[in-house]
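In: I would like the atomic coordinates for the input below:
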Amino acid sequence: MNQSGFNERLRQILILMLILLIAALLISQLTVFIPGLLGGITYILSRTLFFQADL
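Out: Numbering: from 1, shown residues only. This next block holds a predicted model:
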């Protein structure tokens with residue numbers, strides 16, 4: 001592998017690690033809101049299923 005290919009691969013790995021670190025930090029800071037988010041999604045899905053079943 002030549003030097004430029006190695007540098008490109010290293011840059012891709014570092015950017016991927018940075019994205020994963022930011023995602024982990026974001027998720028760890030927003031864990032308080034996960035139950036409310038899941039409850040909202042459940043509410044929306046149950047309403048749409050309820051109105052579809054209403055013949």
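
In: host element of the most centrally placed residue in the chain?
Out: The chain has residue 23 as the residue nearest its centroid, 7.2 Å off, counting by CA atoms, centre = their mean. Residue 23 is part of helix 3-29, with elements assigned from DSSP states H and E.

In: again with residue 47
Out: Here residue 47 is assigned to helix 34-53, by DSSP H and E.

In: and the angle from that helix to helix 3-29?
Out: Using axes from the mean of the first three to the mean of the last three CA atoms, to 10 degrees, one finds that helix 34-53 and helix 3-29 are set 80 degrees apart in direction.

In: how near is residue 41 to residue 9?
Out: 38 Å (CB to CB, to the nearest Å). All C-beta spots, glycine's among them, are computed from the backbone N, C-alpha and C.

In: for residue 48, same thing?
Out: From residue 48 to residue 9 the distance is 45 Å (CB to CB).

In: hey, C-alpha coordinates of stretch 25-42 in CSV?
Out: Provided in CSV are the C-alpha atoms of stretch 25-42 (Å, rounded to 0.1, in the frame of the first residue of the first chain):
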residue,chain,number,x,y,z
LEU,A,25,-21.8,11.2,23.8
LEU,A,26,-25.1,12.4,22.3
ILE,A,27,-26.9,9.2,23.3
SER,A,28,-25.4,9.3,26.8
GLN,A,29,-26.6,12.9,27.3
LEU,A,30,-30.1,12.3,26.0
THR,A,31,-31.0,9.0,27.8
VAL,A,32,-33.4,11.0,30.0
PHE,A,33,-35.6,11.7,27.0
ILE,A,34,-35.7,8.1,25.5
PRO,A,35,-38.8,7.0,27.5
GLY,A,36,-40.7,10.1,26.3
LEU,A,37,-39.6,9.6,22.7
LEU,A,38,-40.6,5.9,22.8
GLY,A,39,-43.9,6.8,24.4
GLY,A,40,-44.6,9.4,21.7
ILE,A,41,-43.8,6.9,18.9
THR,A,42,-46.1,4.3,20.6
